[in-house]
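Provided below are the primary sequence and the corresponding predicted coordinates.
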Amino acid sequence: MAEETRITTFSLSAWLVRLACVLLLAGQAWTHLDVGDVPLRELLWNEEMMTGIVHKRLGMTWSEYVSSPEIDRGINRMIFGMGVFYAIAALFALILRPRTVAAVALCTATALLVFRAWLEYLDQARQWTVFWEHASQSATPLLVVLLCILERRGWGVQALLRLVLAVTFVAHGIFAWGLSPDHPLPWIGHLGFDVATPGRFVEMTLESLDLKSEEEALQILHWAGLADFAAAVLMFIPRLWIVGAAYMMAWGFVTALARLWTYFDAEVWSETLRTWGPEFLVRGVHWLLPLALLVLWRERVRQGEESGLLRE
Amino acid sequence: MHSDESVPKGASDESVTGKSGVPWVDAGEDPNQRLAMKSSPRFLLLGLATAIALSVTTAEAATKYYRLMWKDDPATTMVVGWTQSGGILPAVHYGEEDFEEDWERYPMQAEPEHVTKHLDLDHCFVRLRGLKAATAYFFVVRDSEGVSERRWFRTAAMDDRPFALVGGGDSRNHREARQNANRIVARLRPLFVAFGGDYTASSTKQEWEEWFEDWQLTVGEDGLMVPIVATRGNHEKAHDVHRLFDTAIPEDYFALDFAGGNFRLYTLNSNIPRGGGQARWLEKDLEQHRGIRWKMAQYHHPFRPHTSGKAEQNLQYQAWAHLFYGHGLNLALECDSHTVKRTWPVRPYRGKGSDEGFIRDDRFGTVFIGEGCWGAPLRSKDDDKEWTRASGLFNQVDWIVVKPDAITIRTVQVDNAQEVGSVSDDDPFREPEGIALWTPDSGTEVVLTPQALPGSALAKVTALEVRQPEISIDPPVVLGRSKVEIRSEEIGGEIRYTVDGSAPGPRSNLYEEPFEVGGDVTVRGALFRNGELFSHVVHARAVAHPPLNPEPPRPEAALAEFRPVIAEGPRRESGRRFERRGVRLRGEDAGNGMLTKAGVQLEYALDPSMRRFVGVVGLPDSASRAGKGAVSVEVLVDGKLFYRTPVLSPWQIDRINVPLPATAKRLTVRVKAVGEASSHDELVWAHSGFTKS
């Protein structure tokens, strides 16, 4: 009976992570295959990084390379190819069969997502916070491998979950709070950061809450940033981490939905859905992972109660 | 143009005039490196250094990366910016006469008012004021290390004499093309450059140093410098543009006047909320400057990119598109996509014939150009619209000549920049030798003529082409209250109306939502833009319903529940029950009633408990909306006429309340067509039936 319970409850948390992974990879596939607004060009068009390769491998001057419609089409094809891979990986995340192939596909997806996060970093004026903000998304396929294929559901996986969530929320919090020299708190300027609250954050807050001024939106975002930091810290404090995870789940859902809510336009619904639908899907990670963490904890508590080995 | 107009109110500007000419450093500075001027040991050596500097007149000043900007009136001000790489006490020595590098002979001097430490570089900005309009000023920068090369600039005119500008943006990742575009600027010698953002790929120190180095190619062989009006792109961090170009406010949106106030350039920031404070400022400023002949905007993200891999900017569309159209913006310069496009004049519209929210409107539309190839890798132009005039794929800048009667846009392909001659100052708008202009099928030049300002003779003529507003009064035969709705497919402007039959004016009632009227009323309405009539005055009339019988009681037994003993009519209709949801009488649910065709006669058997025959009758709303149909009804008891309704025209009803004798055996109702027969000759029997009291 106890064994049955363990399998059933553990499946739920694993399923939540799988669901997050499927949504994430489907969202990525959608973006790559449809709109194609992916920062792959940030690398391939980076003169500093690519000039040598272009000269040696393609035998082209840089000018020929970046002016060539054929190269541009080639990049589009690469993006499309990545989209196909994401679609296949999403399928593997869903069916998890055959296990070895699925594991390889999902580990590759994690590698590709880390690469994507690095491209975003390049795209956003090399702000490292952009890279770390993607920690949860990048780790999700790997978590599926650990939880669902290798069936590692111990404290290590929980710790990894907490870590990637905390990193994501700290990065998000830095953006929301705005660690720039112009911050209202003067000592912030001495920290050496120059990360202003992104205009899109302000815009989403302004539009979705129908606020009157940017100042109001910034105030809300500053508090949200603080809450993000607090939640990230709480993730590593016994018992209190539950509060942190609950906040992450709620805030993760709200911020994911805010994309659709703010930018959805019924009159051009298909167009806005094409752009913001994938954005909503990939951010499923931000609320499904904390939820999975809570479920996993609940399952372990139940398991501990039943086995008399309550650990937390 | 004054700064209080051009700079958005409420927007923060940390720029402060320096005291005693001592540079200060803004929020991005490193306080330990304030050009080494305030640290006390160096201060003690100041006299010595100055003495050394005075003696060094042939050495080069430790300055580089020169650029010119405007924070205020382009006719009377100029910001001279550079990067200080060493030395102390920099100052601009300037005047109307050219003394080459002989700094002592220049009659005026100014020290940096503003210094920023950004990207580990010291950027100095001298803000010159009180300059003469349309005048050449020569200047050098002198510091403790020496004297810079002599450069010069021109201030804008205070009258509407023609001028040229070069527009474009996206200069990242293709340095060779960027350098060529800069060379083209030097050849064309425009009054200024409108630059739409994405200067570098990652906004690193190295990339910006390269960019500024390349920017020096915009300086003419004779030292003419061209000011840049800088826009923020998505590859700039929040404060880059403000700190590097000393823009009017940190949010990087502002407006500048040229041609004596006849041309206003709006620089907008599509990387911060497009709505909110920015849109409020834009709307207010456009409203305040509605009489200006030419209006142009530059910003980074295109509303509708011409490459498929870029997202549509719908929130930007919502925030700005209607403002552009409603206030007659002539030209918009967009960037970001690394492709080339020109559009026909378009306005926001989402109805039939539109494409992605715009429709061609040659009279009042805005022409969009771009989309950013100042030295960026090229992207496929694979997303043309119905209103795309031409699109292409090459490195380019737009050469825009503004004259009182026309704006002419030519697109310059920059790859052969080194073979292009320079324009002559005597004829500065003539194409220089060797220039490669884009020649699409739709023509080499795009020529804009001034839009008909609202209220002008042209506007009154063209108003005939405006989609006229429509007024509907429902129902037009007023019984109690009727709803008035005024619709306009035009975007921009406002609807004003009257209900007393007088012509509406700009101060008449503002239509915001449907309203109600009672009795005989004539509603007149028209579209107004900027307080001027912009459409025909349209009207609709409501007439009061003729007096009615008192409202009868509701039936206790619905007529529709009875089966007639005799039913006669063209289609042997026996008074079938109608679907409750299908038929309405004056907009209201007709209750458990019936629908009968004209020509029908129905006879019902009565029982002694039935004391009254009651009901409300009229044409169904479908017939009334069609404005067709006319019937009358007769009620007979035992073959004797007891009641006849008046002729029931569209929207007219009648109330029937016929007492039934205790001995009555039969009730007959006849529905008769009146006048020319029509398929709309039908009758709704609402709330009809029998009462027992």
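Received, thanks. Everything numeric here is computed off the predicted structure, so don't read it as measured data.

could you pull out the helices for chain A?
Taking DSSP state H to define them, one finds helices in chain A at A:2-30, A:41-44, A:47-53, A:62-67, A:69-95, A:99-123, A:128-133, A:135-144, A:155-177, A:199-208, A:214-234, A:241-263, A:269-282, A:284-307.

repeat for chain B
Using DSSP H, helices in chain B cover B:3-6, B:40-44, B:46-55, B:175-188, B:205-215, B:240-245, B:276-288, B:314-316, B:322-326, B:457-462, B:621-626.

Check the offset of the shortest one from the chain's centre.
Pointing back at helix B:314-316 there. Its chain's C-alpha centre and that of helix B:314-316 lie 11 Å apart, by Cα atoms, centre = their mean, to the nearest Å.

How far does stretch B:601-612 stretch from one end to the other?
Chord length of stretch B:601-612, first to last residue, is 19 Å (Cα to Cα, to the nearest Å).

Figure out how far it is from the centre of its chain.
Here stretch B:601-612 is found 67 Å from its chain centre; the criterion is Cα atoms, centre = their mean.

Flag every buried residue along it.
Of all the residues in stretch B:601-612, those buried under the rule 16 or more other Cβ atoms under 10 Å in any protein chain shown are B:601-604, B:606, B:610-612. C-beta: built from backbone N, CA, C; applies to glycine.

can you check stretch B:94-102 too?
Quick answer for stretch B:94-102 (16+ other Cβ under 10 Å): B:94, B:98-99, B:101.

out of those residues, which one sits closest to chain A?
residue B:94 (31.9 Å; Cβ to the nearest Cβ).

Now do the contacts for that closest one.
By Cβ atoms under 8 Å, 6 or more residues apart in numbering or on different chains, the residues touching residue B:94 are B:106, B:108-110, B:128, B:137-140.

Repeat that for residue B:646.
B:546, B:632, B:652, B:654.

Write a ChimeraX command that selects only the buried members of the contacts of residue B:94.
To isolate the buried members of the contacts of residue B:94 in ChimeraX, using 16+ other Cβ under 10 Å:
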select /B:106,109,110,128,137,138,139,140
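
What is the burial count for the residue in the stretch 201-312 of chain A that chain B sits nearest to?
Residue nearest to chain B within the stretch 201-312 of chain A (Cβ to the nearest Cβ): residue A:203, separated by 3.9 Å. The local packing of residue A:203 (other Cβ atoms under 10 Å in any protein chain shown) involves 24 other residues.

Quick check: the residue nearest to residue B:472 when sequence neighbours are not counted vs residue B:651, distance?
Spatial nearest neighbour of residue B:472, chain neighbours left out: residue B:485 (5.1 Å); criterion: Cβ to Cβ, 6 or more residues apart in numbering or on different chains. According to Cβ to Cβ, to the nearest Å, residue B:485 stands 16 Å off from residue B:651.

who's more crowded, these two?
residue B:651 (25 against 15).

Give the full set of residues in contact with the nearest residue to that one once chain neighbours are set aside.
Nearest residue to residue B:651, sequence neighbours excluded (Cβ to Cβ, 6+ apart): residue B:477, at 3.6 Å. Going by Cβ under 8 Å, 6+ apart, residue B:477 touches B:542-545, B:649-652.

from the buried residues of stretch B:601-612, which ones fall inside strands?
Judged by DSSP state E, strands contain the following of the buried residues of stretch B:601-612: B:601-604, B:612.

and which of these is nearest chain A?
Distances from chain A to those, taken by Cβ to the nearest Cβ, are shortest for residue B:602, at 48.3 Å.

per-residue pLDDT, that closest one?
Confidence at residue B:602, expressed as pLDDT, is 90.

Do I have it right that it meets residue B:668?
Yes - Residue B:602 is in contact with residue B:668 according to Cβ atoms under 8 Å; the separation is 7.0 Å.

So which residues on the stretch 201-312 of chain A come close to chain B?
Contacts of the stretch 201-312 of chain A with chain B, taken as Cβ under 8 Å from any Cβ of the partner chain, map to A:202-203, A:206-207, A:211, A:213-214, A:217, A:262-263, A:265, A:267-268, A:271-272, A:275.

ok, 6 Å please
Within the stretch 201-312 of chain A, the positions near chain B by Cβ under 6 Å from any Cβ of the partner chain are A:202-203, A:206, A:214, A:265, A:267, A:271-272, A:275.

Not counting its own residues, what contacts stretch B:156-170?
Applying Cβ atoms under 6 Å, 6 or more residues apart in numbering or on different chains, the set of residues contacting stretch B:156-170 from outside is B:74-75, B:133-134, B:185, B:188, B:190-198, B:258-260, B:262, B:333, B:335, B:338, B:372, B:374, B:376, B:397-404.

tell me which residues in it are buried?
B:156-158, B:160, B:162-170.

So for that stretch, mean pLDDT?
Mean predicted confidence for stretch B:156-170 is 95.

Kindly report the same for stretch B:644-657.
93.

would you put the C-alpha positions of that stretch in CSV?
Provided in CSV are the C-alpha atoms of stretch B:644-657 (Å, rounded to 0.1, in the frame of the first residue of the first chain):
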residue,chain,number,x,y,z
ARG,B,644,-59.7,48.5,-35.9
THR,B,645,-56.1,49.6,-35.4
PRO,B,646,-54.7,52.6,-37.3
VAL,B,647,-52.3,51.7,-40.1
LEU,B,648,-49.3,50.2,-38.5
SER,B,649,-46.2,51.5,-40.3
PRO,B,650,-42.6,50.5,-39.3
TRP,B,651,-42.0,51.0,-35.6
GLN,B,652,-45.6,51.8,-34.9
ILE,B,653,-47.6,49.8,-32.5
ASP,B,654,-51.1,49.7,-31.2
ARG,B,655,-52.7,48.5,-28.0
ILE,B,656,-55.8,46.5,-28.2
ASN,B,657,-58.2,46.2,-25.3
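
what residue ranges in chain B score low on pLDDT?
B:1-58, B:451-466, B:491, B:570-582 (pLDDT under 70).

Kindly report the residues of it close to chain A.
So chain B meets chain A at B:27-28, B:173-174, B:176, B:202-203, B:237-238, B:271-273, B:276-277, B:309, B:311-312, B:314, B:350, B:377-380 (Cβ under 6 Å from any Cβ).

before we move on, the earlier item: pLDDT score assigned to the residue of the stretch 201-312 of chain A closest to chain B?
With respect to pLDDT, residue A:203 has a value of 91.

Which residue is the nearest non-sequential neighbour of it?
residue B:273 (3.9 Å).

Touching, the one you found and residue A:202? I think so.
Yes - counting by Cβ atoms under 6 Å, residue B:273 touches residue A:202, with 5.3 Å between them.

mind listing what residue B:300 touches?
So residue B:300 contacts B:196-197, B:231, B:233, B:270, B:335-336 (Cβ under 6 Å, 6+ apart).

er, residue B:423 I mean
B:188-189, B:432.

Kindly report the same for residue A:94.
Per Cβ under 6 Å, 6+ apart, neighbours of residue A:94: residue A:22.
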